[in-house]
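J.: Here is my input, please return the structure:
(one chain, ligands or ions: 1)
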Amino acid sequence: MSRILALLKTNTTNFPSDLVDAITGAGGSLVQIWSGDHTFSAVIAEGNASVQSAMSAHSAVACATSAAIPTAQSLDVDPGAMELANAWNTSLSDDYRANVDGFYAQSMQIDGLLPPGGCAQGAGEDGDGGGGGKLVAVGGPSGSPGPDTTTGGVAALTTATVVHKERRALVGTIGVAAAYVGGPAGSTAELTSDDNGSLALAMMHAFDVYYDLAPKAAHLVFEVNVRRMTLALDPTTIPTPANPPASGDYEACEAPWRDAALTAFGQSSGWAGIGGFVSSATFSDPADYTHAAFLTKYPTAWMAYCSSSKKIVFQLTSVVGNWKPAGTHFVYAHETGHTSGAPDEYVSSKCSVTDKAGFSNGVNANCEVGNSAAVDCLMRNNTKKLCPATPGHFGWNDANGDGILDPFDPSYST
Ligand SMILES: [Zn+2]
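T.: Predicted coordinates:
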């Protein structure tokens, strides 16, 4: 089994739900859905060569492969899909693998590549494939298309129903309303196309980590809607936080660029605007849980954090500086864990083994403060492992042993 990336053709404004049927019909699993503005750009699945063939054969698919996509190839896809393709290629490159310090082996299981399929090079293209080239979108629009006026009719991604939405969990479909917020060209906050690819790579592999860790019964699928905004705001006007940051520094550093972006997206400022931004995201089907993600190079009080389980902030420069490019996805995966309410477990978080949190409202038993028995965990030191307490926080337990995970179980009592 391998991960398979399918790039969707340009202007795919209606999600091809029968592509999911084709994936599952061939024995594969849906892993991720990506869109930008109002068009769907890519689907990632797990499966074998039959699944790849089924994806390649779908009329909405421009290219489906588990291997790197040849450079300098012209494909009829949107620019956002090309960013994802470049991120995908980066993850498969020797350079990336050589710089991961073991991260790669933990985070991806795509060593057994399938035969190339659906991404053969066309005429007149550079057949070198030696790296360095960039994919070229031939059909991508220069501006965003009009809003999708589809009203329903898209099949649900899963027949499993989350019944306990009074608490957040990492099950079902997780809709991520992502904003890439860049600054003026030439400033430290400028987001280049390569930066956007780095942001996509961090999220893509973070959600791969969850696919690998989650029980199948969690029916976990991440759906990411990316909207981009370039601001005129000078990043040197952002206040400098204390070291370590004071609690008020987070909002003081974040609000200027976040609210400017929200305004540019037609939203109000603060939490009301964040809620409006999430509500206006384009998803294939109403997600079971949603949250916002602001990814930027504007200065922030901390490299990455999650607020109130509903907003992730990810500062690319700091994350890369601290974790190297190949470790960025573990930081993103850790923050995603907080969207279920799962608590930090490391000493400087000042956690306590008696604190209760997450879907299960279970104790933070792996908090390492005064706890010599603490083990590695995604919520402790960003490794691709879970301690015994975290699955409950994520909503991945079956507390009454009836074979149904708690968030799906009507007989489970919170
Ligand atoms: Zn944390």
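J.: For the closest residue to Pro245 other than its chain neighbours, which residues are in contact?
T.: Leaving aside its chain neighbours, Pro245 sits nearest to Ala301 (3.9 Å; criterion: CB to CB, 6 or more residues apart in numbering). C-beta here means a position set from N, CA and C on the backbone, and glycine is covered the same way. Residues near Ala301 by CB atoms under 8 Å, 6 or more residues apart in numbering: 241, 245, 249-250, 252-254.
J.: And the contacts of the helix or strand Gly275 falls within?
T.: Per DSSP states H and E: Gly275 is located in helix 270-279. Here helix 270-279 makes contact (CB under 8 Å, 6+ apart) with 175, 177, 179, 255, 259, 262-263, 265, 267-268, 290-292, 310-311.
J.: just to revisit the earlier point, do you know how far the residue nearest to Pro245 is from Val313?
T.: According to CB to CB, to the nearest Å, Ala301 and Val313 sit 9 Å apart.
J.: show me what contacts Pro184?
T.: So Pro184 contacts 190, 230-234 (CB under 8 Å, 6+ apart).
J.: Kindly format the C-alpha coordinates of the longest helix along the chain as PDB.
T.: Identified as the longest helix of the chain according to DSSP state H is helix 193-213. These are the backbone C-alpha positions of helix 193-213, laid out as PDB (Å, rounded to 0.1, in the frame of the first residue of the first chain):
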ATOM      1  CA  SER A 193       5.600  29.900  -3.800                       C
ATOM      2  CA  ASP A 194       8.200  27.700  -2.100                       C
ATOM      3  CA  ASP A 195       7.000  28.900   1.300                       C
ATOM      4  CA  ASN A 196       3.500  28.000   0.400                       C
ATOM      5  CA  GLY A 197       4.800  24.600  -0.600                       C
ATOM      6  CA  SER A 198       6.500  24.300   2.800                       C
ATOM      7  CA  LEU A 199       3.200  25.100   4.500                       C
ATOM      8  CA  ALA A 200       1.400  22.500   2.500                       C
ATOM      9  CA  LEU A 201       4.100  19.900   3.200                       C
ATOM     10  CA  ALA A 202       3.800  20.500   7.000                       C
ATOM     11  CA  MET A 203       0.100  20.000   6.900                       C
ATOM     12  CA  MET A 204       0.100  17.100   4.400                       C
ATOM     13  CA  HIS A 205       2.500  15.100   6.500                       C
ATOM     14  CA  ALA A 206       0.900  16.100   9.800                       C
ATOM     15  CA  PHE A 207      -2.300  14.600   8.600                       C
ATOM     16  CA  ASP A 208      -0.400  11.600   7.300                       C
ATOM     17  CA  VAL A 209       0.800  11.100  10.800                       C
ATOM     18  CA  TYR A 210      -2.800  11.000  12.000                       C
ATOM     19  CA  TYR A 211      -3.900   8.600   9.300                       C
ATOM     20  CA  ASP A 212      -1.200   6.200  10.500                       C
ATOM     21  CA  LEU A 213      -1.900   6.600  14.200                       C
END
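J.: and that helix, how far from the chain's centre?
T.: 6 Å (CA atoms, centre = their mean, to the nearest Å).
J.: Can you list the buried residues in that helix?
T.: 195-211, 213 (16 or more other CB atoms under 10 Å).
J.: Do a quick rundown of the strands in the stretch 151-300 of the chain.
T.: Remark: strands assigned in the stretch 151-300 of the chain by DSSP state E, counting those that start in this stretch are 173-182, 221-230, 289-296.
J.: and the ones you listed as TSV, adding distance to Ile274 and mean neighbour count?
T.: Converted to TSV, the strands of the stretch 151-300 of the chain look like this (distance: least, CB to CB, whole Å; neighbours: other CB atoms under 10 Å):
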stretch	distance to Ile274	mean neighbour count
strand 173-182	9	24
strand 221-230	13	23
strand 289-296	5	24
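J.: Perfect, that will be all.
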